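In: no FASTA, just this:
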């Protein structure tokens, strides 16, 4: 459940369809792709996870990557719920921050569990209905994720920097709670910016290679 974006990098001596700078989610055999940079955007928490996977057996690495990302997402979701629950009443300045973490962690785990449900057997009569339901659910999940993430950004960044020591102050917010929420959201922006930069570089390299092939 979520979006998938991959930048594939292949040796220059391979055929043109497998050269550096190609961007996509497939279409190349395991013998062509040297490595790939993959990003998963999980709905509910809008968490971006990225990794560079070097290819010895493409299908094998793909499966390992997906399992690792699901485990990391599960750990993050549990961490959000735990910290939000422990410090539920520990942020006077913005009481919605722990609630934001609890809801984010819960929806992350919920959508992760849904993604583990096996697909039903191929049946045309069932598939059309299931596809429609799936698309509606996907859009609702995406809409909720975007709205909730934006709301979390407002709640977190609008109170920077809160009071960490004086619990009687109206500006008080527990340091562990606030910094966890702050850096979790900030990490999403950092990773997303990195992905945009790498994608731009890949497109630039691909365009340069295409021009050279055309001139040659």
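Out: Looks like it arrived, so ask away. Just so we're clear, the structure is a prediction, and the values are computed from it rather than from any experiment.
In: and residue 133, what element?
Out: Assigned by DSSP states H and E, residue 133 belongs to helix 124-157.
In: Quick check: phi and psi on residue 172?
Out: Main-chain dihedrals, residue 172, degrees, to the nearest 10: phi -70, psi 140.
In: any weak-confidence spans in this structure?
Out: Applying pLDDT under 70 to the chain flags residues 1-61, 118-128, 130, 207-216.
In: Can you tell me which helices and strands the helix holding residue 133 packs against?
Out: In terms of contacts (3 or more CB pairs under 8 Å, 6 or more residues apart in numbering; DSSP states H and E), helix 124-157 is packed against helix 96-115, helix 175-215. In this view, the C-beta of every residue, glycine as well, is placed from N, C-alpha and C.
In: buried set for that helix?
Out: Judged by neighbour count using 16 or more other CB atoms under 10 Å, the buried positions of helix 124-157 are 141, 142, 144, 145, 148, 149, 152, 155, 156.
In: Pull up the gap between the fifth one and residue 82, please.
Out: When distance is defined by CB to CB, to the nearest Å, residue 148 is 19 Å away from residue 82.
In: just the last one next, same as before
Out: With distances defined as CB to CB, the gap from residue 156 to residue 82 amounts to 18 Å.
In: Then the second one?
Out: Going from residue 142 to residue 82 by CB to CB gives 26 Å.
In: And the first one, by the same measure?
Out: As judged by CB to CB, residue 141 and residue 82 stand 23 Å apart.
In: of all the buried residues of helix 124-157, which comes closest to residue 96?
Out: Comparing the buried residues of helix 124-157 against residue 96 with CB to CB picks out residue 155 as the nearest, at 4.7 Å.
In: give me the number of residues near the residue nearest to the closest one when sequence neighbours are not counted?
Out: Sequence neighbours aside, residue 96 is the residue nearest to residue 155 in space, at 4.7 Å (criterion: CB to CB, 6 or more residues apart in numbering). For residue 96, the count of nearby residues is 14 (other CB atoms under 10 Å).
In: Then residue 63?
Out: Residue 63 has 11 neighbours, counted by other CB under 10 Å.
In: could you measure it against residue 91, distance?
Out: Distance, residue 63 to residue 91, by CB to CB: 40 Å.
In: for residue 197, same thing?
Out: As judged by CB to CB, residue 197 and residue 91 stand 34 Å apart.
In: So which of these two has more stuff around it?
Out: Remark: of residue 197 and residue 91, residue 91 carries more neighbours, 22 against 10, as counted by other CB under 10 Å.
In: Next, the contact list for that one, please.
Out: Residue 91 sits next to 97, 98, 162, 172, 173, 174, 177, 178 when contact means CB atoms under 8 Å, 6 or more residues apart in numbering.
In: for the fourth one, which residues make a bridge with it?
Out: Partner residues in beta bridges with residue 172: residue 163, with DSSP bridges as the criterion.
In: wait, it sits on residue 178?
Out: No - taking contacts as CB atoms under 8 Å, residue 172 lies outside contact range of residue 178: 9.9 Å.
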